[in-house]
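S.K.: Dropping the sequence and predicted coords here.
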Amino acid sequence: MTNFRPARSGPRAPAVTLVELLAVIAIVLVLMALLVPLLWAAVGAVNSVRCGNRLRQIGIAYHRYMDESGGLWPPIFSREPPPVGLFKRIEAETGLKMAPARPAANWGQPGPHWSIVLWPYLGSLEVYTCPSDPKAGKRGTEVVMPEGEQNVAFLDAPPESYALNVILFRTADDLRRQAGCTWGTQGDVDFSGLASYTTRPEQRRLFPALDRRILFFCGASGQTVGSQFNVPFRTRPGLAGVERWEWHPRRASQAFADEPGRGSNYLFHGGHVEYRDELPGLWEWGYELGRAGERP
């Protein structure tokens, strides 16, 4: 008996050869190589905008605090008792656990950190962390090493990406010395001690065009919200005494890389935020107190 096979209708579909398959894969890889950097750049740009918005919130909180305190900023270092009530409020509202008190040194206890005193005006841990911070989403010992816990206010706290420009607050003599400043390093009357208070009128008297000076900036890492460190950025000669960890529009290759094409966001005392690819100059940091020959 003869087997019957129905005849196929229509043309036979051509087979895909290995060469053609490899060519398609190569095209896809090329397109991915072209599109992925664009995608990351877009994500970085969005995160930079979100970062700027958080800086503005911090700036508004700062000015509200200064208004309600009569223009008085807490001392960076103090021999007064820490604000235990405020620490307990943050603990109750966030679920964070207070860290053991840091032993007092000869210069006294660290003063209330900006992230502590501004909490009543912010009320959100999210505001303290830049979306591009490499440590975003981490907590506690993932942010700071266990041996550094004595220098933080809360255990299991998220990273703090923003830094206060302490140059405007009559402290950080070592930074002024490294920048070659002639003021605030020789026992000046206006800068006679780290325990001194800073007021808004004093800042306006000492720093001409105060609103064009840097108040906060993005690019501090390696500490947690409520950290008792008040100088969260490192120093290096040739960079106006300041280093930053650049994250925008994409992350730097390593900490404090200061690499072109990344940059940071800066909040100025007047309330506006600017993205800078290059480090701002001495005048904007407040190192030079508006001396002749510097930016007006």
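M.R.: Everything's here; your move. Numbering: from 1, shown residues only.

S.K.: Give the burial count for Ser253, as a bare number.
M.R.: As a burial measure, Ser253 scores 9 neighbours (other C-beta atoms under 10 Å). From N, CA and C alone the C-beta is placed, and that goes for glycine too.

S.K.: Also Leu267?
M.R.: Residues lying near Leu267 (other C-beta under 10 Å) number 25.

S.K.: Which element, helix or strand, includes it?
M.R.: Here Leu267, judged by DSSP states H and E, is contained in strand 264-268.

S.K.: partners of that strand in the sheet?
M.R.: Using DSSP bridges, the strands paired with strand 264-268 are strand 214-218 (antiparallel), strand 273-276 (antiparallel).

S.K.: export it as PDB, just CAs?
M.R.: Output of strand 264-268 as PDB, limited to C-alpha atoms (Å, rounded to 0.1, in the frame of the first residue of the first chain):
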ATOM      1  CA  SER A 264      26.900  68.000  42.300                       C
ATOM      2  CA  ASN A 265      23.900  70.100  43.300                       C
ATOM      3  CA  TYR A 266      24.500  73.200  45.500                       C
ATOM      4  CA  LEU A 267      21.900  75.100  47.500                       C
ATOM      5  CA  PHE A 268      22.800  78.700  48.000                       C
END
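
S.K.: Now the residue nearest to Glu142 when sequence neighbours are not counted: phi and psi?
M.R.: Nearest in space to Glu142, with sequence neighbours left out and distances taken as C-beta to C-beta, 6 or more residues apart in numbering, is Lys135 at 7.2 Å. Phi and psi for Lys135, reported as degrees, to the nearest 10, are phi -100, psi 10.

S.K.: And for Pro260?
M.R.: The phi/psi pair for Pro260 (degrees, to the nearest 10) is phi -60, psi 150.

S.K.: wait, isn't it in contact with Ser253?
M.R.: No. Here Pro260 lies out of contact with Ser253, judged by C-beta atoms under 8 Å, at a distance of 11.7 Å.

S.K.: ranges for the helices of the stretch 101-250 of the chain?
M.R.: Ranges of helices within the stretch 101-250 of the chain are 114-117, 119-122, 173-178, 200-206, based on DSSP state H, counting those that start in this stretch.
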